[in-house]
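Novice: Provided below for reference: sequence and predicted model.
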Amino acid sequence: MLNNMGLVIQKLIEHMQITLIAVLFAVVVGVPLGIIVSRSKKLGKLILGVANVFQTIPSLALFGFIIPLPIIGGIGYKPAVIVLFLYALLPIIKNTYIGINSIDNAVIESARGMGMTSRQILLMVTLPLAFPIIMGGIRVATVINIGTATIASLIGAGGLGDFIFRGISMSDTGIILAGAVPTTVLALSVDFILGLVENKLPVSTIGHVITNKKIMKRALVATLIPIIAIGSISYIKSMESDEVIRIGTKNYTESRLMGELLSVYIENNTDLKTEISELGGTLPTFKAIQSKNIDMYVEYTGTAYTTILKKTGDIPSSQEVYDTVKKEYNEQFGLTWLNPLGFNNTYTLSVKKEISQKYNLKTFSDLTNYSDKFILGATAEILERPDGFPGLKELYNFNFKDIKALDPGLRYNAIEDNSVQVIDAFSTDGKLQELGLVVLKDDKDYFPPYYAVPLVNNKTLEENSEIRPLLEKLENILNDEEMQKLNYRADVKKEDLNSIATDFLKSKNLIK
């Protein structure tokens, strides 16, 4: 954190922006809805039902659902704010409803007996008395959103979640803490400040503020200023993004490295600027390029063939797989596969050296006879993908004692401390070298070839004529061994990704 304080502050500001604008919108919408709920049983049930639905959908799923939606979807700041707004609604609506209903009817009748209108009772009696409870809902919504906003990094929204997810995938506690500590401090600080407002602000002051037109106008202006300021910053950023090449990456080291490599290479050989957005797994990244929220990313031929195109049956040769995805992606999605980078990052299964020796495990078939003794740790993606574990289990007749879904980086922590005994892995992972794991041979050739290839939106190539010939020069610049060494530098030596990419490109005389 000390070495990267400028970046930590930048991510903290991004985090605050996303959370603040979402909660402000939720207050503007949620309090009136809470008033409606308190006055109409039919509408109240509908409003609370809808708010409850959004609250019960897992946040990660909601972030994933919103990517392909028109207008409100995509990646980045806007969809993140929308999701957090939806999450903040329920506690604000409920507490407004509870606060209003908690007021003694005798107080309302007394106000009515004094000749006050319904509007006056609402503004001068009901809302001031209910304010502490309403404020409690706003407080809960804000604190929850500060934590949930970390997940927004998976759709390229930035914030402190960038550190957390990168640290998890790299098994780097320091990077995780660089995101977790400021998030915790921010949540506790905001909770403390809002708690003071909730408990210390007199009811008479609230009533005076609500009924005084001058004060209300000033409060409205004070509320609108941050909304307009943040909205303007977001708009300016979106306008600027049209002038840069937006590079996507998945949420693991090798993909991040490939994103940095493309970024450094393009910026050093053209006048174009680049912007890197880290997303979730294969599907969110594909949806992002399909909807033109990013311009390019490095994809794997086998992933495209089975996961996106959903091809089944016998896997053809690597050249046939490449030709198929190149043709069908262009025809179906308007996306171009350029020349392969050279390395084949296929899936494999790995075990510790002592287990391999004890049970004489060299191939997947060898593992079949002992699979019931072991726990498998694998990424959630490979456990669900058609080219992943379901087909692998059927072909090899695996019967593991248990299966645990793990983050890509945590697989290696799990096998190191013996929480699992078998993990799925990429053949170019640097951690394989560090831990001395034995890579088992896929002796029935289940996995297709996974050659890494730059995938670019056709529109981007049309608008930037220099991109295609430039990226085609990257053909076969990396073999499997070289890629594993680069991953080793990132995952094990904890070197800066941009520096690794720059060093490599200089060694190949691709940049000066």
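Specialist: All right, it came through fine. Numbers count the residues shown, from 1 in each chain.
Novice: chain center to stretch 257-274: distance?
Specialist: 23 Å (CA atoms, centre = their mean, to the nearest Å).
Novice: okay, that stretch in CSV with CA atoms only?
Specialist: C-alpha atoms of stretch 257-274 as CSV (Å, rounded to 0.1, in the frame of the first residue of the first chain):
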residue,chain,number,x,y,z
LEU,A,257,-0.4,-10.4,-18.7
MET,A,258,-1.7,-10.7,-22.2
GLY,A,259,-3.8,-7.6,-21.7
GLU,A,260,-0.7,-5.7,-20.6
LEU,A,261,1.3,-7.1,-23.5
LEU,A,262,-1.2,-5.8,-26.0
SER,A,263,-1.4,-2.5,-24.3
VAL,A,264,2.3,-1.8,-24.1
TYR,A,265,2.8,-3.1,-27.7
ILE,A,266,0.1,-0.8,-29.2
GLU,A,267,1.0,2.3,-27.2
ASN,A,268,4.7,2.0,-28.1
ASN,A,269,4.1,1.4,-31.8
THR,A,270,1.1,3.8,-32.5
ASP,A,271,-0.3,7.1,-31.3
LEU,A,272,-3.3,5.2,-29.8
LYS,A,273,-4.0,5.1,-26.1
THR,A,274,-5.2,1.9,-24.4
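Novice: what comes up buried for it?
Specialist: 257-266, 269, 274 (16 or more other CB atoms under 10 Å). Where C-beta positions appear, they are placed from N, C-alpha and C, glycine not excepted.
Novice: which regions of the stretch 251-400 of the chain sit below the pLDDT cut-off?
Specialist: 386-387 (pLDDT under 70).
Novice: would you map the helices across the stretch 201-350 of the chain?
Specialist: Assigned by DSSP state H, counting those that start in this stretch, the stretch 201-350 of the chain shows helices spanning 203-211, 213-241, 253-269, 282-290, 301-303, 318-333.
Novice: who's in contact with Tyr359?
Specialist: 366, 370 (CB atoms under 8 Å, 6 or more residues apart in numbering).
Novice: what do you get for Glu320?
Specialist: Here Glu320 is in contact with no residues (criterion: CB under 8 Å, 6+ apart).
Novice: equivalent analysis for Leu261, please.
Specialist: 501, 504-505.
Novice: re the thing from before, save the buried residues of stretch 257-274 as JSON lines, and put in distance to Val53 too.
Specialist: JSON lines is the format used below for the buried residues of stretch 257-274 (distance: CB to CB, whole Å):
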{"residue": "Leu257", "distance to Val53": "40"}
{"residue": "Met258", "distance to Val53": "38"}
{"residue": "Gly259", "distance to Val53": "35"}
{"residue": "Glu260", "distance to Val53": "40"}
{"residue": "Leu261", "distance to Val53": "42"}
{"residue": "Leu262", "distance to Val53": "40"}
{"residue": "Ser263", "distance to Val53": "40"}
{"residue": "Val264", "distance to Val53": "44"}
{"residue": "Tyr265", "distance to Val53": "45"}
{"residue": "Ile266", "distance to Val53": "43"}
{"residue": "Asn269", "distance to Val53": "49"}
{"residue": "Thr274", "distance to Val53": "39"}
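Novice: which one of those residues is nearest Gly391?
Specialist: Met258 (26.3 Å; CB to CB).
Novice: the closest one is in contact with Thr249, isn't it?
Specialist: Yes. Shown here, Met258 and Thr249 form a contact pair, counting by CB atoms under 8 Å, at 6.9 Å.
Novice: of the contacts of Leu261, which belong to helices?
Specialist: Among those, the members found in helices (DSSP state H) are 501, 504-505.
Novice: just the closest of those residues to Arg468, please.
Specialist: Closest to Arg468, out of all of these and judged by CB to CB, is Leu505, at 18.2 Å.
Novice: skip the chain neighbours and tell me the closest residue to the closest one.
Specialist: Excluding the flanking residues, the one nearest Leu505 by CB to CB, 6 or more residues apart in numbering is Ile511, at 4.5 Å.
Novice: any buried residues in stretch 36-50, and which?
Specialist: For stretch 36-50, using 16+ other CB under 10 Å, the buried residues are 36-38, 44, 47-48.
Novice: contacts for it?
Specialist: With CB under 8 Å, 6+ apart, stretch 36-50 has contacts from 33, 90, 93-94, 96-97, 100-101.
Novice: filter those to the buried ones?
Specialist: 33, 90, 93-94, 96-97, 100.
Novice: for the stretch 101-250 of the chain, which spans come out with low pLDDT?
Specialist: Looking at the stretch 101-250 of the chain by pLDDT under 70, you get 171, 201-220, 222-224, 226-242.
Novice: from what I see, Ile423 and Thr348 are in contact.
Specialist: No. Contact status for Ile423 versus Thr348: not in contact, 9.5 Å apart, counting by CB under 8 Å.
Novice: the more surrounded of these two?
Specialist: Ile423 (28 against 19; other CB atoms under 10 Å).
Novice: now for the helix or strand encompassing that one, which elements pack on it?
Specialist: Per DSSP states H and E: Ile423 is located in strand 422-426. Using 3 or more CB pairs under 8 Å, 6 or more residues apart in numbering; DSSP states H and E, the elements in contact with strand 422-426 are strand 347-351, strand 375-379, helix 410-416.
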